[in-house]
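In: Below is the sequence, then the predicted model.
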Amino acid sequence: MPAPPPVTTTVLVMSTIINCSTVYAHMSPHDAVNAARDDGYAAVEFWWPFDLAVPAPDEVSAFCDLFDDSLGLYAMNLWGGDMAAGQRGVLDTDGLPAGHLEAVSQIASATGLKCSNVLLGRSGELTDLQVQRLTEITAQLGLSGVRALIEPLSGMSDYPITDPWQAEELAQQTGASVLADFYHFAANGVDVDAWLTDVEAGRVSLPAHVQIADFPGRGAPGTGEVPLRSWVERLRAAGYAGEVAGEWTL
């Protein structure tokens, strides 16, 4: 497979960390972490990096060993079910299996993991069960110093959260926080300027985490048509001081 596009100054200005599961998807986690280091990043994020919801102890240890003082793990998705088959979370059906959050807690203790995206499941309308489970997960993650994130997703008519205002409402209910992914916002036709205006006015909270990829195409900044730099700059001016993760694909 082709190598990722070279990291440019524009990319580095906007993306303070990088998603190894997308940008370096053709690499093993070990090689992806090294590539991120070589590209100038000091922290990374991953989707759930194991095949199973409850990985073996040696798998957890090997993953944690990838990180050191020169490169940390900032964010990691919780298990989302069979992603290849189209699942995007299991909170609407079986819930997260026993042992999953224990593994996340071990990873957080070893790496300093700061936040985890919790996929809700393709339920159509949001259900009381999803809200209850997200509330419980948020509290459990908090015991490990990890912030639960809610991300509006695109490409599915049956995902229950598709814009940042819905995510904000759910965050208020559950104690979780909003993940603002500008690619998904653009793909869903979100009026990003209106949302940023609400953020600037204090009508909605600043997001807890931000991800970027251009639209259309989900490529690196500059490959599409949306004003990513302007959006990030407005968030920064409004007080956002967190990380901006590059989550583009080849």
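Out: Nice, I can see it.

In: Quick one: the helices in the protein, in order.
Out: With DSSP state H, the ranges of helices along the chain come out as 9-14, 20-23, 29-38, 57-64, 100-111, 128-143, 164-174, 182-187, 192-201, 228-238.

In: what sits up against the second one?
Out: Residues from elsewhere that reach helix 20-23 (CB atoms under 8 Å, 6 or more residues apart in numbering): 4, 27, 29, 32-33, 35-36, 44-47, 49, 213, 246-250. Glycine gets a C-beta too; all of them are placed from N, C-alpha and C.

In: If we use 7 Å, what do you get?
Out: Helix 20-23 is contacted from outside by 4, 29, 32, 33, 36, 44, 46, 47, 246, 247, 248, 249, using CB atoms under 7 Å, 6 or more residues apart in numbering.

In: Can you tell me which of those lies closest to residue 72?
Out: Nearest to residue 72 among the contacts of helix 20-23 is residue 44, at 7.7 Å by CB to CB.

In: lowest average confidence, helix or strand, in the protein?
Out: helix 9-14 (a mean of 53; mean pLDDT, DSSP states H and E).

In: buried ones in stretch 122-132?
Out: Across stretch 122-132, burial judged by 16 or more other CB atoms under 10 Å covers 122, 123, 126, 130, 131.

In: Check stretch 96-110 too.
Out: 96, 100, 101, 103, 104, 105, 106, 107, 108.

In: Ok, stretch 38-48 next?
Out: Under the neighbour-count criterion of 16+ other CB under 10 Å, stretch 38-48 has 39, 41, 43, 44, 45, 46, 47, 48 buried.
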